[in-house]
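A.B. asks: Sequence and predicted model, in that order:
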Number of protein chains: 2
Amino acid sequence: MAFTDRSRPARDAILAAARRRFADEGYDRATVRAIAGDAGVDPSMVIRYFGSKRELFTAAAEFDLRLPDLTRVPRADVGRTLAEHLLLRWGSDDALAIMLRGAVTDDAAAERTREIFAGQLLPVVAALTGDPAGAPERAGLVATQALGAVLCRYVLRLPPVVALPDAELVGWLGPTLQRYLVGER
Amino acid sequence: MAFTDRSRPARDAILAAARRRFADEGYDRATVRAIAGDAGVDPSMVIRYFGSKRELFTAAAEFDLRLPDLTRVPRADVGRTLAEHLLLRWGSDDALAIMLRGAVTDDAAAERTREIFAGQLLPVVAALTGDPAGAPERAGLVATQALGAVLCRYVLRLPPVVALPDAELVGWLGPTLQRYLVGER
DNA sequence: CGCAGTTGCCAACGCCCGTTGGCATACGAT
DNA sequence: ATCGTATGCCAACGGGCGTTGGCAACTGCG
């Protein structure tokens, strides 16, 4: 069975609703029925169009972090540039919340997170550093600080971290990322 | 209804099994039935002794991070000391995994995390810094790095972060925490 | 026009969940 | 020894879940 353009609005609505629900509630709590309700669609259509709840999640968790090419910014600014990008772009988007909430809940989603890490963050770091052997380690360190910040700010909502203005947070995190990216070992 | 010492072994077994399950699977996936099975007990006993699944979680998530008194270590070593404590103590324990997995899944658990943050980490930081107004901000920053490291290492299991030896990880994270704790703003 | 195939809706299935109530059994205070 | 009560087990409940199959309505191609 194939799908025609006629069902595009429905499929798009389902995907949008799924992203919102998965981001807000995580994999387990976001129910197919609720997603269908948000999308104004029957639950059975969700299964028809996406196969299963898990496949729907996979489709919803497909995203491009669009990391900047750090080789094109002055070497002294790479930490700040990355921090800005992570907090401003990822913060406003649901992408990272989906990723975190899903990854913590679901093993398949955790695997997906590792893929995104290996496929998107690691290459950027590897291209930047003159230390190819140390690239995975450096990328991992960057992840600890970047994901930790997103976690505390957008998922746990720790009050002082939420209250901190973007610029100030970038001011703190930038040097940390700078050191992890290109600092001495 | 009160409980006698006779049921202590059962209650302890339930609590231990709950900690393991909540840490491994998060709040939603850890079922009362599975916990009871692990503890060698009927599911109904879990409810009888703890009231409900949520109350069981609350009991299981009750823990003391036993943060060191940083005012008793040389000021230059506070970052490294804290990093060591977080990774070595929290890493070997299930406590933080319960906290993270629960907090991401469940609103009540997220609130609990905020309480632990405010009740245990913040005072340590406040006692340390000469900058009382900046203490919450500094504690928040420490949380981003510390929880991020635990997240990447023990929950997401990012390979490079898992592979990094404890000592080396402490070597990277120590200076970061040092700057957040007592560095210039 | 006729027909194959997509769409949408409805009802239902089977499953597992947290939770409850009842009923023997074993204890411990009196 | 007796009795109140805590313990343990069993069976069941109501409910929500993901998923399935069938059936009407509509579409677009020949």
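C.D. replies: Now that the structure is in, tell me what you want to look at.
A.B. asks: need the residues of chain A near DNA strand D, please.
C.D. replies: A:4, A:6, A:30-34, A:43-44, A:46-48, A:52-54 (C-beta under 7 Å from any atom of the strand). For every residue, glycine as well, the C-beta is placed using N, CA and C.
A.B. asks: I would like the residues contacting the lowest-mean-pLDDT helix or strand in chain A, please.
C.D. replies: Using mean pLDDT, DSSP states H and E, the weakest-scoring helix or strand in chain A turns out to be helix A:91-92, at a mean of 71. With C-beta atoms under 8 Å, 6 or more residues apart in numbering or on different chains as the test, helix A:91-92 has contacts from A:Val150, A:Arg153, A:Tyr154, A:Asp166.
A.B. asks: Compare these and tell me which is most surrounded.
C.D. replies: Counting neighbours by other C-beta atoms under 10 Å in any protein chain shown, A:Val150 comes out on top of the contacts of helix A:91-92 with 24 neighbours.
A.B. asks: Quick check, that one in contact with A:Arg89.
C.D. replies: No. Counting by C-beta atoms under 8 Å, A:Val150 does not reach A:Arg89; the two are 10.9 Å apart.
A.B. asks: could you pull out the helices for chain A?
C.D. replies: Assigned by DSSP state H, chain A shows helices spanning A:8-29, A:32-39, A:43-50, A:53-60, A:78-84, A:91-92, A:95-105, A:107-116, A:122-128, A:135-150, A:159-163, A:166-182.
A.B. asks: just the CA coordinates of the fourth one, formatted as CSV?
C.D. replies: This points to helix A:53-60. In CSV, the C-alpha atoms belonging to helix A:53-60 read as follows (Å, rounded to 0.1, in the frame of the first residue of the first chain):
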residue,chain,number,x,y,z
LYS,A,53,4.6,3.6,17.7
ARG,A,54,8.3,2.9,17.7
GLU,A,55,8.6,3.6,14.0
LEU,A,56,6.7,6.8,14.6
PHE,A,57,9.2,7.8,17.2
THR,A,58,12.1,7.0,14.9
ALA,A,59,10.5,9.3,12.3
ALA,A,60,10.0,12.0,14.8
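A.B. asks: neighbouring contacts of it?
C.D. replies: Counting by C-beta under 8 Å, 6+ apart, A:14-15, A:18-19, A:22, A:27, A:32, A:35, A:46-47, A:50, A:98, A:102, A:106, A:108-109, A:112 sit against helix A:53-60.
A.B. asks: in that helix, what counts as buried?
C.D. replies: For helix A:53-60, a neighbour-count test (16 or more other C-beta atoms under 10 Å in any protein chain shown) marks A:Lys53, A:Leu56, A:Phe57, A:Thr58, A:Ala59, A:Ala60 as buried.
A.B. asks: Also the second one?
C.D. replies: For helix A:32-39, the neighbour count (16+ other C-beta under 10 Å) marks A:Val32, A:Ile35, A:Ala36, A:Asp38, A:Ala39 as buried.
A.B. asks: now, among those, which is nearest to chain B?
C.D. replies: A:Val32 (15.2 Å; C-beta to the nearest C-beta).
A.B. asks: quick one: pLDDT of that closest one?
C.D. replies: A:Val32 carries a pLDDT value of 98.
A.B. asks: got a list of contacts for stretch A:12-28?
C.D. replies: A:30-31, A:34-36, A:38-41, A:45-46, A:49-50, A:56-57, A:59-61, A:94, A:97-98, A:101-102, A:104-106, A:109, B:26, B:28-29, B:104-105.
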